[in-house]
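Generate coordinates for the sequence data below:
(one chain, ligands or ions: 1)
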Amino acid sequence: MAVKSGGRYDADDLKILEGLEAVRVRPGMYIGSTGVRGLHHILWEIVDNAIDEAANGYADEISVKLWKDGSASVQDNGRGMPTDINKKAGISGVELIFTKLHAGGKFDEGNYAFSGGLHGVGASVTNALSRWLEVEVCRGKVYKMRFTSAYDSKNKKWLCGVPDGPLKDTGAKAGVRGTFVRFMPDDRVFETVEWNYDTIAKRLKELAFLNKGVRINFEDERVLYRTYEGEDGEPVKEKLPAREPVSYKYDGGLVDFAEYLNEGKTKAYAAPLYYSAIRDITIKGFAPSKIKVEFAIEHTKEDTESLYSFVNNIATVEGGYHETGFRSGLLKAVNEYARANGFLKAKDQPFIVDDVKEGLTAVLTVQMNNVEFEGQTKTKLGNPEVRPVVEQVVQEGLKKLMESRGNKASFDEIARKAKFAADDRIKHRHERDVARAASENDGLNLVGKLAACSGRDPERNELFIVEGDSAGGTAKQARVRQFQSILPLRGKPLNVQKKSALQALQNEELKTLISAIGAGFGKSFDVEKTRYKKVIILSDADQDGMHIRCILLTFFFKYMCDLIKAGCVYIGMPPLYKVYKKDVVEYAYDDKELDEKIKKVGKGYQIQRYKGLGEMSAEQLWETTMDPATRNLIQVTIEDIAEAGRVIDMLMGDKVEGRKEFLNENANFNKVDGFIEKVHFREEGKGTQGDFYD
Ligand code: 28F
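Below you'll find the predicted structure:
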């Protein structure tokens, strides 16, 4: 890949903003949480800066490493951070980048055409939340600098990311160019400082797909252990073999990404169709700038649509204007092609978006400045000016692709699929209308099944989907009628991954569930209409319970994905153990907590291991699993929607070959929940017991 030599740039272009103490005081403002996601955010900030160098053509190799001591490092072979002194600040460009928030010329596009870093808060936040941070810049010579964060007990304040000294010219000549950053996440800030290998590997792989030709290396030198119960019942610590370093590089970029997403699925035509273009765009309130639009599409024999969109390398899980532009551009191009090639007769109605979405796998990326992120999880593109630009590029690109002979078979197949979908739609219209009516009727008149709450406020109302009749009965006694509904599941609901929408509707359990939520399903699902802002799956911790959880998540993922994206789907965590003696009772939710509770209850303790929800009394179920003030909930979030689609398809789809090795490689079911970000959600005690409960 051709790598440009450095553009003219010096430290003066950096902007100086506030100090770093603010980051330590309220880290959640900058990285969202101090949980596992926030920890990985401080790594993404550094990775994004290296990716920006590559995305702008100055670097083509990035290396990420997890060290034995728990630190992480990122290296690129770009131009190297600016080392000259910034006249305004009187410090070097390197020091500015790590000690001033948003210190980055990235706020005007003079220095970078596109920058992913805009979504982030910059490398200075990583510095502020690290015990130490080292940077080495090779720019003709080798420069070094080190920062530390410590608590100044004399003045009772944090000193965050303070330089040990000015940038040092080591005098050594630099063979290569680039920037190397290594940092130790601060265990005094984060709940956990344990890096998650899968999370990092998946994100680096995604970045390699999105940045064609850039090589991204990942090495994890940490020693891994597995703890399990030995014969004598004592825990055994076993050292696991070290992980092999991996390297991602995709010269096919988005085409390779589309093929990866469709692995194991039956393709509808030979190869993905790809196009990219750069256009002028003027975002309201900003100077005219450039926008780069790229897409790859490949249809499969499935009937669902998988559109994966990104803005500046960030997955826009909640969609946005680029997606609407893409769909309308695709629709216009396919309608035109179908008319011109006899798939649509003069008397035929034109296709609608749903017809061309069937079986579509598409990757759409946009690179631009002045991005407006919206939505619950800030992953929705909110700039309306983007829609017409993307629509025009997609329409023009597909038209150019249609003109080349080699793609005729592919577009014929696309038009044929759309025609088939349109005919099916028109033929089944009445059935679908019946289905939609069934799913939207007033969910309260479900005899016997749903114990509906009396309150009408979706913000407060909660729907518990409870495995089994006995637990369902206990939950009905335990619940607070005003805002908690109970839907007992008799047996396992249908696995919808292999079924069509209409078959899903024939299943009693799912029909009840759709009616209870009351927001439609599938293409007619509208998350704004949900009756519950919390839909909580309560299943046993055994294999059956896990399987039910998987089936329900498959259903939500396939037919109510926006409910998950809006953060409304949760998994209830019943306790595994009760530790007690006389009148002291404690509950433990996992084996780690069990030890703590045994110590807390002390001598003479007894343990009851809960096999299932049905074993608990109503007050125990209330106190341990349903009371918002004391329960543990896991919020289901789709960090990586591309991977989620593959995991569900691998596990629940009709392709058996992939499943066996996937299962034995990810045997423990938590891996299957790999796309569920574990966010233990213990709500603050409501305190206002009086007005809240019956
Ligand atoms: C391991 C992490 O951070 N690499 C980086 C550069 C290169 C330049 C630069 C960075 C421009 C506008 C801030 C050099 N020469 N890897 C990295 N490589 N920052 S960060 O400039 C400062 C930025 O705002 C650079 C000419 N132009 C830019």
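
Could you use CA atoms for every contact and neighbour count after this?
OK.

what are the ranges of the strands in the stretch 201-350 of the chain?
215-220, 224-229, 235-240, 246-248, 273-281, 289-299, 306-311, 314-315 (DSSP state E, counting those that start in this stretch).

and the shortest one, which strands flank it?
Paired strands of strand 314-315, with direction, are strand 306-311 (antiparallel) (DSSP bridges).

List the contacts of the strand it pairs with.
With contacts defined as C-alpha atoms under 8 Å, 6 or more residues apart in numbering, strand 306-311 is touched by 116, 315-317, 319, 322-323, 359-368, 381, 641-642.

give me the low-pLDDT residue ranges for the protein?
1-18, 102-121, 430-448, 501-502, 505, 639-694 (pLDDT under 70).

on that earlier part again, which members of the contacts of strand 306-311 occur in strands, if any?
Counting by DSSP state E, the part of the contacts of strand 306-311 found in strands is Ala315, Leu360, Thr361, Ala362, Val363, Leu364, Thr365, Val366, Gln367, Met368, Leu381.

got a winner among those residues for most neighbours?
Ala362 (28 neighbours; other C-alpha atoms under 10 Å).

In the stretch 301-450 of the chain, what residue lies closest to the ligand?
The ligand sits closest to Asn369 of the stretch 301-450 of the chain, with a gap of 13.0 Å, by C-alpha to the nearest ligand atom.

Phi and psi next, for that residue.
Dihedral angles of Asn369 (phi, psi; degrees, to the nearest 10) stand at phi -100, psi 170.

Out of the ones in strands among the contacts of strand 306-311, which two sit at the greatest distance?
Pairwise distances across the ones in strands among the contacts of strand 306-311 peak at 25.3 Å for Leu360 and Met368 (criterion: C-alpha to C-alpha).

How about Glu509, nearest residue that isn't a chain neighbour?
Excluding its sequence neighbours, the residue lying closest to Glu509 (C-alpha to C-alpha, 6 or more residues apart in numbering) is Pro493, at 5.8 Å.

Just confirm that neighbour is within a helix.
No. Counting by DSSP: H, G, I helix; E, B strand; the rest coil, Pro493 is not found in a helix; it is coil.

any idea how far Val142 is from it?
63 Å (C-alpha to C-alpha, to the nearest Å).

These two: which has the busier surroundings?
Between Pro493 and Val142, counting by other C-alpha under 10 Å, Val142 is the more crowded of the two (21 against 16).

For the more buried one, list the residues it contacts.
Glu136, Asp169, Thr170, Gly171, Ala172, Lys173, Ala174.

just checking, the fourth one touches Lys141?
Just to be clear, that refers to Gly171. Yes. Contact criterion C-alpha atoms under 8 Å: Gly171 and Lys141 qualify, at 6.5 Å.

Of the two, give the one with the bigger neighbour count.
The neighbour count for Gly171 versus Lys141, taken as other C-alpha under 10 Å, is higher for Lys141 (15 against 9).

do you know how far that one is from Gly178?
11 Å.

hang on, the earlier thing: quick check: the residue nearest to Glu509 vs Ser410, distance?
38 Å.

With Glu206 instead?
Counting by C-alpha to C-alpha, the gap from Glu206 to Ser410 is 26 Å.

and what of Leu401?
10 Å.

Could you do Thr530 as well?
Distance from Thr530 to Ser410, by C-alpha to C-alpha: 39 Å.

cool, Leu207 as well?
With C-alpha to C-alpha as the criterion, Leu207 and Ser410 are 28 Å apart.

can you check Lys592 too?
Counting by C-alpha to C-alpha, the gap from Lys592 to Ser410 is 55 Å.

how about the residues of the stretch 151-300 of the chain near the ligand?
Thr179, Phe180, Val181 (C-alpha under 6 Å from any ligand atom).

Swap in 8 Å and give it another go.
Taking C-alpha under 8 Å from any ligand atom, the part of the stretch 151-300 of the chain that reaches the ligand is made up of Gly178, Thr179, Phe180, Val181.

Out of those, name the ones that lie in strands.
Gly178, Thr179, Phe180, Val181.

Just the buried ones from the residues you listed?
Buried subset of those (neighbour count, 16 or more other C-alpha atoms under 10 Å): Gly178, Thr179, Phe180, Val181.

is it true that the first one touches Val74?
No. Counting by C-alpha under 8 Å, no contact exists between Gly178 and Val74, whose distance comes to 10.7 Å.

Check which helix or strand the spatially closest residue to Thr148 that is not a sequence neighbour maps to.
Nearest non-adjacent residue to Thr148, counting by C-alpha to C-alpha, 6+ apart: Trp132, 4.3 Å away. Using DSSP states H and E, Trp132 falls within strand 130-139.

List the neighbouring strands of that strand plus their orientation.
As assigned by DSSP bridges, strand 130-139 forms pairs with strand 141-152 (antiparallel), strand 178-185 (antiparallel).

Give me whichever of those is most buried.
strand 178-185 (a mean of 24; mean count of other C-alpha atoms under 10 Å).

Please save the CA atoms from that strand in PDB.
Taking Å, rounded to 0.1, in the frame of the first residue of the first chain, the C-alpha atoms of strand 178-185 are listed here in PDB:
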ATOM      1  CA  GLY A 178       6.100   6.000  13.800                       C
ATOM      2  CA  THR A 179       4.700   6.300  17.300                       C
ATOM      3  CA  PHE A 180       4.700   3.800  20.200                       C
ATOM      4  CA  VAL A 181       2.500   4.200  23.200                       C
ATOM      5  CA  ARG A 182       2.400   1.900  26.300                       C
ATOM      6  CA  PHE A 183       0.200   2.500  29.300                       C
ATOM      7  CA  MET A 184      -1.000   0.800  32.600                       C
ATOM      8  CA  PRO A 185      -4.700   1.200  33.200                       C
END
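
Let me see the contact set for Lys558.
Lys558 neighbours (C-alpha under 8 Å, 6+ apart): Gln497, Gly522.

Helix, strand, or coil at it?
Going by three-state DSSP: Lys558 is helix.

now Ile607
strand.

burial of it, as a residue count?
Neighbours of Ile607 (other C-alpha under 10 Å): 17.

Ok, Leu224 next?
Neighbours around Leu224, by other C-alpha under 10 Å: 14.
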